[in-house]
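S.K.: Here is the input, now give the coordinates:
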Amino acid sequence: MGRFLTLGQPAALGSVERQIGRERPAHALMLVGPSQVGKTTLALDLAAGLQCQEPVPADRPCRECVSCRKVEHGNHPDLHVLRPEGAGEQVKLGQVQELTGTLALLPMEGRFRVAIIESAHRLNLDAQNALLKTLEEPPEATCVILAVDDESVILPTLRSRCAVLRLGTVSSPAVGELLARHGLDASRASSLSRMTAGRPGAALALARAPEASIVHARLSRSLLALVRATTRARLAAARELIAEGALLDELLRPRTEIEAPHPVRVTTTPSPKRRAAPAPAARSATRAPAPAERRRAVATLLAVWREVARDLAVTAHGGARHVAAVELLEDLTEAASAVDRSEIAAFLERLDTLARAIEGYANPELILDALLLGWPRSRHVA
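M.R.: Numbers count the residues shown, from 1 in each chain. All right, here's what the predicted structure looks like:
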């Protein structure tokens, strides 16, 4: 294991390394980037470096001292992690109030109290305002790290109090290398790295749940088949798509709800037991998902849909050799030959807009219906 576990983020990692070496971290740091590119991993790298007992700052984190191991296992008394909870999956006022009360105290064992807020774009307005008060007058020896997928939903006043580090996607070869280190054969590692478009967290999640890859491929093929479907058939497919999205979301949910590619355990809420992908007949008989599950299911579905639409656009423009899901190339080629390329571009733009609306608590079923109607249609469908 190296000093840092973050993969393929040289600029952001360089900043973190400098903060550790100076022993003067930003009192508030916002990590911004797509989901599952390693924001939580980078936050934990910083936390380990700040708490490490190695005498020479430039050699932190050492990954061997008691403090480093406590950070790795999620039981360091000066490491505090918040994540969305409840039916609305928000980071709520009560959570932030409890955190700010804790941050006002001196560290118990380490040099700093470090707080990591996962999915901080899910902070509700009351929670953001409560956090703002702490960031305006930060307690000594504290570092608050916000991991944010979409910074546009963060209050400008809160953003202005934070140093910002931006993370991007990681090259497919680098993700493949990571997967190979976790024991995957070269072919499987290469396939997953392409499929997840440079998101190491997503690639590791698929690697840990092989049945999820089956559901992912099945869902991708279902979406491509809808290119040839009538309006009625598209709308009728919504329920099954939500069920598939819910199943994929369940299979991909890590036990710790953390992106980190190592065994961090900082959650006290156990995730649901994993289950194998049921046959289509069995899926239709399962209970209807709860509201929060439906929202997650549609969000997961939209993430797959974005990958499919991107590959469809690439194929339609003659770039078949650049598609991520090479196993779908025949389906992609057939669909691309039957649709208008401009419709694919318009759909991708609409998809991104509606995906943000889900974060804003728009009705997920209505969003799904709108996308089903806007999905490019084959010229051969009446």
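S.K.: which residues does Arg159 contact?
M.R.: Arg159 makes contacts with 30, 151, as judged by Cβ atoms under 8 Å, 6 or more residues apart in numbering. To be clear about C-beta, it is placed using only N, CA and C from the backbone, and glycine gets the same treatment.
S.K.: Against Val227, how distant is it?
M.R.: 40 Å (Cβ to Cβ, to the nearest Å).
S.K.: got it, and Cys162?
M.R.: 43 Å.
S.K.: Also Ser15?
M.R.: Ser15 sits 44 Å away from Val227, going by Cβ to Cβ.
S.K.: Looking at these two, which has the bigger crowd around it?
M.R.: Val227 (20 against 17; other Cβ atoms under 10 Å).
S.K.: what's that one sitting at in phi/psi?
M.R.: phi -60, psi -30 (degrees, to the nearest 10).
S.K.: From the chain's centroid, how far away is the helix or strand containing Glu98?
M.R.: Assigned by DSSP states H and E, Glu98 belongs to helix 93-103. Mean-position distance between helix 93-103 and its chain equals 24 Å (Cα atoms, centre = their mean, to the nearest Å).
S.K.: just the CA coordinates of it, formatted as CSV?
M.R.: C-alpha atoms of helix 93-103 as CSV (Å, rounded to 0.1, in the frame of the first residue of the first chain):
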residue,chain,number,x,y,z
LEU,A,93,-29.8,20.3,10.3
GLY,A,94,-29.6,18.0,13.3
GLN,A,95,-26.5,16.2,11.9
VAL,A,96,-24.7,19.4,11.2
GLN,A,97,-25.6,20.8,14.6
GLU,A,98,-24.2,17.7,16.3
LEU,A,99,-21.0,18.0,14.2
THR,A,100,-20.4,21.6,14.9
GLY,A,101,-20.8,21.0,18.6
THR,A,102,-18.1,18.3,18.4
LEU,A,103,-15.8,20.5,16.3
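S.K.: next helix or strand past it?
M.R.: Downstream of helix 93-103, the first helix or strand assigned by DSSP H and E is strand 113-117.
S.K.: Tell me which residues of that following strand come out buried.
M.R.: 113-117 (16 or more other Cβ atoms under 10 Å).
S.K.: if I look at the residue lying closest to Ala225 once chain neighbours are set aside, how far off is Ala338?
M.R.: Leaving aside its sequence neighbours, Ala225 sits nearest to Asp331 (Cβ to Cβ, 6 or more residues apart in numbering; 7.9 Å). The spacing between Asp331 and Ala338, counted by Cβ to Cβ, is 11 Å.
S.K.: Of these two, which one has the most company?
M.R.: With neighbours defined as other Cβ under 10 Å, Asp331 and Ala338 compare such that Asp331 has more, 20 against 16.
S.K.: Need the contact partners of the strand or helix carrying the more buried one.
M.R.: Asp331 is located in helix 329-336, with elements delineated by DSSP H and E. Under the criterion Cβ under 8 Å, 6+ apart, residues 221, 224-225, 227-228, 311-312, 315-316, 320, 323, 325, 378 lie in contact with helix 329-336.
S.K.: what residue ranges in the protein score low on pLDDT?
M.R.: Residue ranges of the chain with pLDDT under 70: 1-2, 87, 254-289, 382.
S.K.: Who are the packing partners of the lengthiest helix in it?
M.R.: As assigned by DSSP state H, the longest helix anywhere in the chain is helix 291-316. Helix 291-316 makes packing contacts with helix 210-225, helix 238-252, helix 329-336, helix 341-359, helix 364-374 when contacts are defined by 3 or more Cβ pairs under 8 Å, 6 or more residues apart in numbering; DSSP states H and E.
S.K.: okay, those helices in TSV with distance to His27 next?
M.R.: Shown next, in TSV, are the helices and strands packed on helix 291-316 (distance: least, Cβ to Cβ, whole Å):
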stretch	distance to His27
helix 210-225	39
helix 238-252	34
helix 329-336	48
helix 341-359	27
helix 364-374	37
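S.K.: Minimum distance to Thr6: which of the ones you listed has it?
M.R.: helix 238-252 (20.8 Å; Cβ to Cβ).
S.K.: Which strand runs longest in this structure?
M.R.: strand 142-148 (DSSP state E).
S.K.: I'd like the next helix or strand past that one.
M.R.: Following strand 142-148 in sequence, per DSSP H and E, is helix 156-159.
S.K.: Can you list the buried residues in that following helix?
M.R.: 158-159.
S.K.: Tell me the first helix or strand C-terminal of that helix.
M.R.: Counting by DSSP H and E, the next helix or strand C-terminal to helix 156-159 is strand 163-166.
S.K.: between the buried residues of strand 113-117, which is closest to Thr41?
M.R.: For those, the nearest to Thr41 is Ile116 (10.7 Å; Cβ to Cβ).
S.K.: What sits closest to Glu293 if chain neighbours are left out?
M.R.: In space, Glu293 is closest to Ala246, 5.6 Å off (Cβ to Cβ, 6+ apart).
S.K.: Can you report how many residues lie near the one you found?
M.R.: The burial count for Ala246: 22, using other Cβ under 10 Å.
S.K.: list the contacts for it?
M.R.: 289, 293-294, 296-297, 300.
S.K.: Between the residues you listed, which sits nearest Ala207?
M.R.: Thr300 (17.1 Å).
S.K.: right, and that closest one touches Arg253 too?
M.R.: No - if you go by Cβ atoms under 8 Å, Thr300 and Arg253 don't touch, sitting 9.7 Å apart.
S.K.: The two: who's more crowded?
M.R.: Shown here are Thr300 and Arg253; by other Cβ under 10 Å, Thr300 has more neighbours (24 against 17).
S.K.: Contacts only, for the more buried one.
M.R.: By Cβ under 8 Å, 6+ apart, the contact set of Thr300 is 245-246, 248-249, 252.
S.K.: cool, and Leu371?
M.R.: 302, 305, 347, 350-351, 354.
S.K.: Same question for Gly360.
M.R.: Taking Cβ under 8 Å, 6+ apart as the criterion, Gly360 is in contact with Val153.
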